[in-house]
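**Q** give me a 3D structure for the following:
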Amino acid sequence: MADSRLRSGHAPLDEVLGGGLPGHGITLIMGLPGSGKTILAQQYAFHNADFERPVVYFSTLSEPMEKIVRFGQTLEFFDASTVGKSVFYEDLGQAASGSGLGAVGEQVADTLKRRHPGLIIIDSFKALRPFAESSADYRRFLNQLAGRMTAFPAASMWIGEYEPGDAATLPEFAVADAILDLGTVRVGQRDMRYLEVRKLRGSGFRSGQHGYRLSQQGLHLFPRLADIPTASGYALGSQRVACGVPALDTMLAGGLWPGAATLIAGPSGAGKTVLGLHFIRAGAALGEPGVIASLQENPTQLQRMLIGFGWPAEDPAIEFMYRSPVDIYIDEWVYDLLRTIERTGARRVLVDSLLDLQMAAPDDTRFREFMYSLSQRLSRQDISLLMTTEVPELFGTHRLSEFAGSHLADNVIMLFYYHDQGHVKRALSVIKTRASSHDPAVRGFAISPTGITISDPIPAAAPPPLGGRAN
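**A** Numbering: from 1, shown residues only. Model prediction:
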């Protein structure tokens with residue numbers, strides 16, 4: 001570990017940490033039981049194991065050493081061949097319970113001289129606190145331990161079941177050079193995990209909460225997607241993008257601008273997904289690959305829809321990316337989408353639907369932040385984005401919530417129902433276009449065996465797409 005940074009072996013985490021943790025500093029990893037602290041610590045241990053500068057993993061009185069090792073063996077990165085050679089497990093609990101914190105400090109000092117480690121991990125550090133005779137005794141212990149760590153060129157990682165309020169009262173937080181907080185946020189019926197960097201001396205880092213999942217591969221991080229507006233411009237194509245419905249292209253003055261974000265809003269069953277499929281298929285016909293990111297219809301259901309309209313069930317230019325809304329992290333989803341776009345070279349993207357994504361976000365601010373960042377990234381790459389969202393009103397919408405994406409969209413197309421001589425029919429209207437003119441007429445449309453067909457403007461007596469009750 002000649003590098004001044006301690007790396008995790010997981011690029012997204014190292015990116016959030018500005019390159020890694022302090023190579024010769026003290027890192028405190030805090031979080032409630034079950035948050036993944038030990039998994040993350042062992043991830044660092046095996047990635048940084050070195051015969052010349054080994055890793056020493058100390059247990060205390062929180063979990064038995066045997067349990068830590070046994071659980072570690074279930075993780076894919078655990079390399080049994082390195083245990084006892086470049087990764088050493090030792091116990092501090094006996095010294096603490098038998099002779100107090102002074103004996104703990106002596107055992108750590110002896111290990112530094114004997115092993116010459118590059119990384120020392122103490123799990124759980126908080127479990128040592130009750131063995132201090134007083135607050136002053138505990139502070140002396142911390143000062144001596146930190147001094148030993150500073151004098152010896154080794155990184156130290158202290159793990160503890162700390163709560164957020166502990167940071168303002170416990171002295172180890174002042175001693176630490178870096179603090180990582182592993183926490184959970186309740187979203188509906190699910191707990192979503194987030195990592196936050198609370199402190200990182202001498203380095204920049206990416207702020208905010210970053211989603212993560214735990215698996216046999218370890219901790220997998222999804223850095224918070226937050227694009228900062230840039231003052232410099234970027235080139236966009238000047239040729240209009242066809243929607244796949246000729247009459248709608250006419251209403252849009254020839255189609256959509258490339259790189260634009262378009263929102264299709266309407267009630268259930270109004271035809272939002274069908275219009276999105278027209279958009280993706282039109283691009284595929286022109287040699288422009290597309291991605292359908294669906295959180296509603298799975299691939300089998302989408303293929304059934306395509307076949308029903310007489311369209312091919314599969315097209316090499318169209319990629320389906322289905323994720324169940326029951327168990328998604330918006331952080332993980334957006335990176336999956338970006339990787340799929342890069343892999344396929346997609347020029348068009350359909351997100352169906354925003355309502356499901358919004359329900360997966362821990363709060364509306366985070367949802368807005370992600371959608372802004374996603375639309376900006378795609379726009380800079382000249383990729384056209386079409387999004388759908390559901391509105392509750394069947395016969396005209398009083399308003400579009402600012403969190404539905406309308407404020408981010410360059411174009412907004414409203415779908416709704418209206419009554420006509422005892423029949424319920426469909427209609428649409430273009431209510432917003434950016435940097436373009438459009439036909440604001442309310443026009444009826446039908447979904448036929450070949451897709452969407454738009455007709456002439458409907459009578460003035462029919463309700464407008466925004467406001468009003470059905471006649």
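**Q** please make it C-alpha for all contacts and neighbour counts, starting now.
**A** Noted.
**Q** off-centre distance for stretch 146-157?
**A** Counting by Cα atoms, centre = their mean, to the nearest Å, stretch 146-157 is centred 34 Å from the centre of its parent chain.
**Q** and it, which residues are buried?
**A** 146, 148-149, 152-157 (16 or more other Cα atoms under 10 Å).
**Q** what does that stretch contact?
**A** Residues from elsewhere that reach stretch 146-157 (Cα atoms under 8 Å, 6 or more residues apart in numbering): 6, 22-29, 41, 109, 112, 117-122, 175.
**Q** quick one: residue 119 from residue 38, how far?
**A** With distances taken as Cα to Cα, to the nearest Å, residue 119 is found 15 Å from residue 38.
**Q** neighbour count: those two, which is higher?
**A** residue 119 (28 against 21; other Cα atoms under 10 Å).
**Q** the more buried one touches residue 54, doesn't it?
**A** Yes. Proximity of residue 119 to residue 54 meets the contact threshold set by Cα atoms under 8 Å, at 6.9 Å.
**Q** can you work out which residues contact both of these two?
**A** With Cα under 8 Å, 6+ apart, residue 119 and residue 54 have common neighbours residue 48.
**Q** what residues go with each domain of this protein?
**A** Domain assignment for the chain, taken from automatic domain parsing, gives 5-222, 246-457.
**Q** quick one: average confidence on the last one?
**A** Averaged across domain 246-457, pLDDT comes to 91.
**Q** same thing with stretch 200-216?
**A** Computed over stretch 200-216, the average pLDDT equals 92.
**Q** give me the distance from it to the chain's centre.
**A** 12 Å.
**Q** cool, and stretch 105-123?
**A** So, by Cα atoms, centre = their mean, the centroid of stretch 105-123 is 37 Å from its chain's centroid.
**Q** list the buried ones in that stretch?
**A** Those would be 105, 107-109, 112, 115-123, for stretch 105-123 by 16+ other Cα under 10 Å.
**Q** so residue 292 bridges to which residues?
**A** Beta-bridge partners recorded for residue 292 (DSSP bridges): residue 320, residue 350.
**Q** shouldn't it be in contact with residue 351?
**A** Yes. In this structure, residue 292 is within contact of residue 351 by Cα under 8 Å, at 6.4 Å.
**Q** can you report phi and psi for residue 170?
**A** Phi and psi for residue 170, reported as degrees, to the nearest 10, are phi -90, psi 130.
**Q** burial check on it, number of neighbours?
**A** Neighbours of residue 170 (other Cα under 10 Å): 14.
**Q** how about the contacts made by it?
**A** Contacts of residue 170 by Cα under 8 Å, 6+ apart: none found.
**Q** and the nearest residue to residue 439 once chain neighbours are set aside, what is it in contact with?
**A** Nearest residue to residue 439 in three dimensions, chain neighbours excluded: residue 251, at 4.7 Å (Cα to Cα, 6 or more residues apart in numbering). The contact partners of residue 251, by Cα under 8 Å, 6+ apart, come to 430, 438-440.
**Q** and the residues you listed, which of them are in strands?
**A** Among those, the members falling in strands are residue 430 (criterion: DSSP state E).
**Q** columns distance to residue 281 and neighbour count on top of the contacts of residue 251, output as TSV?
**A** Below are the contacts of residue 251 laid out as TSV (distance: Cα to Cα, whole Å; neighbours: other Cα atoms under 10 Å):
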residue	distance to residue 281	neighbour count
430	21	21
438	23	21
439	24	17
440	25	14
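**Q** just put the contacts of residue 251 in CSV and tack on distance to residue 302.
**A** CSV is the format used below for those (distance: Cα to Cα, whole Å):
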residue, distance to residue 302
430, 26
438, 30
439, 31
440, 31
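**Q** show me which of the contacts of residue 251 is closest to residue 180.
**A** Nearest to residue 180, judged by Cα to Cα, of the contacts of residue 251 is residue 430 at 47.6 Å.
**Q** so that closest one versus residue 407, what's the distance?
**A** Separation of residue 430 from residue 407 (Cα to Cα) stands at 15 Å.
**Q** the most centrally placed residue in the chain: what's it in contact with?
**A** By Cα atoms, centre = their mean, the mean C-alpha position of the chain lies nearest to residue 331, the distance being 1.1 Å. The contact partners of residue 331, by Cα under 8 Å, 6+ apart, come to 210-211, 222-225.
**Q** do residue 410 as well
**A** Listed by Cα under 8 Å, 6+ apart, the contact set of residue 410 reads 260-263, 432-434.
**Q** which of the residues you listed fall within strands?
**A** 261-263, 432-433.
**Q** closest one of those residues to residue 205?
**A** Distances from residue 205 to the ones in strands among the contacts of residue 410, taken by Cα to Cα, are shortest for residue 261, at 30.2 Å.
**Q** my read: that closest one touches residue 388, true?
**A** No. Residue 261 sits out of contact with residue 388 when judged by Cα under 8 Å, with a separation of 10.8 Å.
**Q** confirm for me that residue 378 is in contact with residue 259.
**A** Yes. With contacts counted by Cα under 8 Å, residue 378 reaches residue 259, the gap being 6.6 Å.
**Q** how would you label the residue nearest to the centre of the chain: helix, strand or coil?
**A** Secondary structure, DSSP: H, G, I helix; E, B strand; the rest coil: residue 331 is helix.
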